[in-house]
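Novice: Build me a structure from this.
(one chain, ligands or ions: 1)
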Amino acid sequence: MEKIEQLFTFIDGEAGRFVESENVTYLDGVLEALNNWISGEKIPEGEWDRNDIRKGIQLALLKGMRESAQVNHQMTPDSLGLIVGYLVDQFFEDTLAENKTITMLDPAIGTGNLLLTVMNLIGDKITGAGVEMDDLLIQIAAVSADLQQQPVALYHQNALMPLLIDPVDAVVCDVPVGYYPDEEYANKHYEIHAEEGMTYAHHLFIEKAMNQLREGGYGFFLVPSNIFESEQARHLFAYVKANTWIQAVIQLPSNLFKKQQLSKSIFVLQKKGENVKPVKDVLLAKVPTLSNPDALEQFFCTCS
Ligand code: SAM
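Specialist: Numbering: from 1, shown residues only. The predicted structure follows:
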């Protein structure tokens with residue numbers, strides 16, 4: 001049996017035991033299994049590196065999410081996380097070459113899979129922070145980060161409200177999509193707000209994330225591919241133009257998503273600042289399907 005499968009079988013078995021004995025959901029069972037692992041009560045036999053652990057947990061979470069999660073709570077799979085991680089690595093190439101540590105925030109951290117995929121790819125020269133409203137998901141993110149020995153500070157709150165987090169070098173975010181219900185708050189505190197009615201939460205997340213960045217820092221956003229086609233797109237354009245330098249817009253292969261309407265793109269923005277100059281050419285690209293290795297290799301060579 002493959003290593004990752006072995007680990008999944010362990011987590012799955014333990015989670016299943018809790019589902020039966022405690023009458024909880026499978027995701028609650030996964031959390032319980034991971035807590036027992038970290039406390040030393042029930043440890044899987046074998047040797048696991050960070051990525052084995054992340055992938056084993058990812059398989060269990062995928063199983064649990066098929067059972068219960070809403071679209072907006074879905075974990076970001078590593079097919080997307082690895083592309084984001086590759087871009088982070090490219091944009092911070094010089095900083096990392098100087099052996100400096102980068103700080104990274106995910107304001108909608110969910111299970112932590114996206115942030116941890118990127119952190120594991122970068123190695124040890126990164127510290128993380130994450131914000132999440134959901135009780136269960138933030139606990140999963142916490143224990144998963146601990147098992148992977150990645151330093152992640154977690155904040156259990158609404159990320160669109162004030163955050164006590166110092167400015168970071170980078171933000172990664174698979175933004176929650178939909179309308180933000182607190183119209184009054186959005187109108188008062190966000191530039192990007194709609195003239196009438198509720199503003200899109202995904203737009204507010206972009207503004208919030210840019211505010212959390214230091215000058216010259218980068219935001220890597222997984223956004224709906226049709227983000228520029230909505231009736232509120234002009235507010236997003238105006239905000240982006242005034243406050244950021246667009247670095248890249250990368251369309252992801254639609255076969256990575258269940259439905260064409262749910263397909264996503266990666267939007268990379270740099271926060272403007274006194275000594276921050278715009279790039280000569282914005283990278284506009286389409287990632288080839290992941291089953292075509294030659295085309296993929298060419299894509300990554302073009303991006304580097
Ligand atoms: N990248 C995450 C992962 O790998 O698990 C998945 C992110 S999921 C697409 C979006 C997350 O945003 C959900 O976990 C949801 O609970 C959270 N969320 C939605 N609105 C939020 C808010 N206002 N503040 C904090 N978290 C929020």
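Novice: which residues of the stretch 201-304 of the chain fall in helices?
Specialist: For the stretch 201-304 of the chain, helices defined by DSSP state H, counting those that start in this stretch occupy the ranges 201-212, 233-243, 293-303.
Novice: which residues are contacting the first one?
Specialist: Counting by C-beta atoms under 8 Å, 6 or more residues apart in numbering, the neighbours of helix 201-212 from elsewhere in the structure are 105, 107-108, 159-160, 163, 165, 167-168, 171, 173, 175-180, 186, 190-193, 219, 221, 223-224, 227, 232, 235-236, 239-240, 243-244, 267, 269, 271. The C-beta positions use only the backbone N, C-alpha and C, and glycine is treated the same way.
Novice: Now do that helix against helix 233-243: the angle between them, please.
Specialist: Taking axes from the mean of the first three to the mean of the last three C-alpha atoms, to 10 degrees, helix 201-212 and helix 233-243 form an angle of 10 degrees between their directions.
Novice: Enumerate the positions of helix 201-212 that are buried.
Specialist: 201, 202, 203, 204, 205, 206, 207, 208, 209, 210, 212 (16 or more other C-beta atoms under 10 Å).
Novice: pLDDT on that helix, on average?
Specialist: The pLDDT scores in helix 201-212 average 98.
Novice: Specify the local secondary structure of the residue in the chain positioned nearest to the ligand.
Specialist: The nearest approach of the chain to the ligand comes at residue 110, 2.7 Å away (C-beta to the nearest ligand atom). Residue 110 falls in the coil class when you classify it by DSSP: H, G, I helix; E, B strand; the rest coil.
Novice: Not counting residues beside it along the chain, what's closest to it?
Specialist: Computed as C-beta to C-beta, 6 or more residues apart in numbering, the closest residue to residue 110 that is not its neighbour in sequence is residue 137, at 5.0 Å.
Novice: residues contacting residue 192?
Specialist: Residue 192 neighbours (C-beta under 8 Å, 6+ apart): 199, 203, 204, 206, 207, 235, 236, 238, 239.
Novice: for the first one, what are its contacts?
Specialist: Under the criterion of C-beta under 8 Å, 6+ apart, the contact partners of residue 199 comprise 179, 180, 183, 186, 187, 190, 192, 193, 232, 235.
Novice: Do you know the pLDDT at the last one?
Specialist: On pLDDT, residue 235 comes in at 95.
Novice: residues from the protein in reach of the ligand?
Specialist: Listed as neighbours of the ligand in the chain under the rule C-beta under 6 Å from any ligand atom: 72-76, 108-111, 113-114, 131-134, 137, 158-160, 174, 176.
Novice: Extract the residue ranges of the stretch 151-300 of the chain that are flagged as low pLDDT.
Specialist: Per-residue confidence for the stretch 151-300 of the chain (pLDDT under 70) gives these ranges: 290-300.
Novice: Which residue ranges of it form strands?
Specialist: 152-156, 168-174, 213-224, 244-251, 264-271, 283-286 (DSSP state E, counting those that start in this stretch).
Novice: all strands for the stretch 1-150 of the chain, in order.
Specialist: 102-106, 126-132.
Novice: Among those strands, single out whichever gets nearest to residue 285.
Specialist: strand 102-106 (22.5 Å; C-beta to C-beta).
Novice: what about residue 277, distance to residue 245?
Specialist: 8 Å (C-beta to C-beta, to the nearest Å).
Novice: repeat for residue 206
Specialist: 14 Å.
Novice: still on that earlier bit, now do the contacts for the residue of the chain closest to the ligand.
Specialist: When contacts are counted by C-beta under 8 Å, 6+ apart, residue 110 touches 73, 74, 75, 76, 132, 134, 137, 141, 174.
Novice: Inside helices: which ones of the residues you listed?
Specialist: Among the contacts of residue 110, the ones falling in helices (DSSP state H) are 137, 141.
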